[in-house]
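Pasting the sequence and the predicted model now:
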Amino acid sequence: METTNLVLVEQFCSNCDVEFSFINSLNEYGIIEIIILEDKKYISNEHLKDVERAIRFHYELNINIEGIDVISNLLKQIDDLQQELIATKNKLKLFDSE
């Protein structure tokens, strides 16, 4: 697998001054997914936004991992509902134009 869309966890932790155990906890709770290639751990670029949000919640707002998990699940539900609302509005537009 190519590592072009992956960030090495060790490098990310070093650059952002974050403990590896925090990133590992995010993985254990299913907030992010750590990819292991050739005995090295990576985060995909698509999860970076989630990691950065979790870092802000934890280090700036002192929210624990369980709280971050709840917040992440609620944000995902909101996003799903917004997508469903958009799809419903688009269907309604089809009926209105007929």
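That came through fine.

that's a strand at V7, yeah?
Yes - the assignment for V7 by DSSP: H, G, I helix; E, B strand; the rest coil puts it in a strand.

average pLDDT across the lengthiest helix in the chain?
Selection of the longest helix in the chain by residue count, based on DSSP state H, yields helix 65-96. Helix 65-96 shows a mean pLDDT of 94.

If you count neighbours, what's buried in it?
Neighbour-count burial for helix 65-96 flags I65, I68, D69, I71, S72 (criterion: 16 or more other C-beta atoms under 10 Å). Using the backbone N, CA and C atoms, a C-beta is placed for each residue, glycine as well.

Could I get these in JSON lines, plus columns for distance to K93?
Shown next, in JSON lines, are the buried residues of helix 65-96 (distance: C-beta to C-beta, whole Å):
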{"residue": "I65", "distance to K93": "42"}
{"residue": "I68", "distance to K93": "37"}
{"residue": "D69", "distance to K93": "37"}
{"residue": "I71", "distance to K93": "33"}
{"residue": "S72", "distance to K93": "32"}
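
Name the nearest of the residues you listed relative to S97.
S72 (38.0 Å; C-beta to C-beta).

Hmm, the closest one is touching A54, no?
Yes - contact criterion C-beta atoms under 8 Å: S72 and A54 qualify, at 7.3 Å.

so what's in contact with those two at the same time?
Common contact partners of S72 and A54 (C-beta atoms under 8 Å, 6 or more residues apart in numbering): I31.

next one: the longest helix of the chain to chain centre, how far?
16 Å (C-alpha atoms, centre = their mean, to the nearest Å).

ditto for stretch 91-98
Mean-position distance between stretch 91-98 and its chain equals 35 Å (C-alpha atoms, centre = their mean).

and if you look at stretch 21-39?
11 Å.
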